[in-house]
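Novice: Next input, structure requested:
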Amino acid sequence: MTFVRGHRWVSAAAALAAVVVLAGAGRMQEGARAARLPFASGERAEYQVKLGALSVGSGYVEIAGMETIGGAQTFHARMRVSGGVPLARVDDRYESWIDAQGLFSRRFIQDVHEVRYRRNRTYDFDPARRTFRRPDNGETGTIPTDKPLDELSFMYYARTLPLEVGDTYTLTRYFKESGNPVVLRVVRKETVTVPAGRFRTVVVQPTIRTSGIFGEGGRAEIYFTDDERRIPVLIKSRVPVVGSLTMSMRTYRAGS
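Specialist: Here you go, the predicted structure:
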């Protein structure tokens, strides 16, 4: 895996060597990292959904709870967007089970209905073997990394990054090789007003080379609060036919 932040490159070999030499310290750092994650079980944000200028539905992003997957504790994260007008409806559901220590995906569900576009898939990952299995059709295959991320877990992972304006994170951790690299550009700071209030935010443009709300054609922007919580208060994307899709936060409940 190659990780790029701005113009600084860290080779996989150097990173691996550092992990071997500092394994004990690494475990301590993982523990400290888990303790300072900006999200926790029970966190939930609800959103007003607009297609173009019309308020047409609702959505939410939440961590529904902690579950054991593959013997590991995971955050069960869910995102739902539903609404629309006649002949142009959106009903997207994403679920990700995020390893609580390593912050990578162990299971992913993508159930997407966007006007004429349909996709419904479930993936179970075996990160140690770099393989996946789809329980819905029995398909198996390989993944390009032992720390896979999907569309939803990428958003939570982004919340743990420094997110300084001008930074570009180029990550080769998307679970499909064809979707890499995923690029997160921190483009500006902006104060926005949403139904939940007025917030100073850091605006991130994610690009995943695939279809869906954060896909390359979606030209998405996520507005995270400019504080240690990194709450996504505003999400903008594009969907076929209709044009812009906007999720504006209405309510927020912190996790514990």
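Novice: close enough to count as contact, V112 and E95?
Specialist: No. Here V112 does not reach E95: they are 11.9 Å apart, not a contact under Cβ atoms under 8 Å. (Glycine included, C-beta is placed from N, CA and C.)
Novice: where are the low-confidence patches of the stretch 101-250 of the chain?
Specialist: For the stretch 101-250 of the chain, residues meeting the criterion pLDDT under 70 lie at 210-218, 239-242.
Novice: What segments of it are strands?
Specialist: 105-114, 117-126, 131-133, 140-142, 168-171, 182-194, 197-207, 221-225, 232-239, 243-253 (DSSP state E, counting those that start in this stretch).
Novice: so can I have a markdown table of those strands showing mean neighbour count and distance to T160?
Specialist: Output for the strands of the stretch 101-250 of the chain, formatted as a markdown table (neighbours: other Cβ atoms under 10 Å; distance: least, Cβ to Cβ, whole Å):
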| stretch | mean neighbour count | distance to T160 |
| --- | --- | --- |
| strand 105-114 | 21 | 14 |
| strand 117-126 | 16 | 19 |
| strand 131-133 | 16 | 24 |
| strand 140-142 | 11 | 26 |
| strand 168-171 | 19 | 11 |
| strand 182-194 | 16 | 12 |
| strand 197-207 | 18 | 13 |
| strand 221-225 | 23 | 11 |
| strand 232-239 | 22 | 13 |
| strand 243-253 | 18 | 18 |
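Novice: Mind putting the ones you listed into a markdown table with distance to E62?
Specialist: Listed next are these as a markdown table, based on distance: least, Cβ to Cβ, whole Å:
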| stretch | distance to E62 |
| --- | --- |
| strand 105-114 | 14 |
| strand 117-126 | 19 |
| strand 131-133 | 25 |
| strand 140-142 | 30 |
| strand 168-171 | 24 |
| strand 182-194 | 17 |
| strand 197-207 | 19 |
| strand 221-225 | 16 |
| strand 232-239 | 12 |
| strand 243-253 | 9 |
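Novice: L149: which of those is closest?
Specialist: strand 105-114 (5.6 Å; Cβ to Cβ).
Novice: Identify the residues contacting V165.
Specialist: V186, V187, R188, K189, V202 (Cβ atoms under 8 Å, 6 or more residues apart in numbering).
Novice: Closest to K236 out of the residues you listed?
Specialist: V187 (12.2 Å).
Novice: What number of neighbouring residues does Y60 come out with?
Specialist: If you count neighbours by other Cβ atoms under 10 Å, Y60 ends up with 17.
Novice: Now name the helix or strand holding it.
Specialist: Per DSSP states H and E: Y60 is located in strand 54-69.
Novice: That strand - which strands sit beside it in the sheet, and in what orientation?
Specialist: Based on DSSP bridges, the pairing partners of strand 54-69 within the sheet are strand 44-51 (antiparallel), strand 72-85 (antiparallel).
Novice: Name whatever forms a beta bridge with S58.
Specialist: Bridge pairing for S58 - DSSP bridges - gives Q48, S82.
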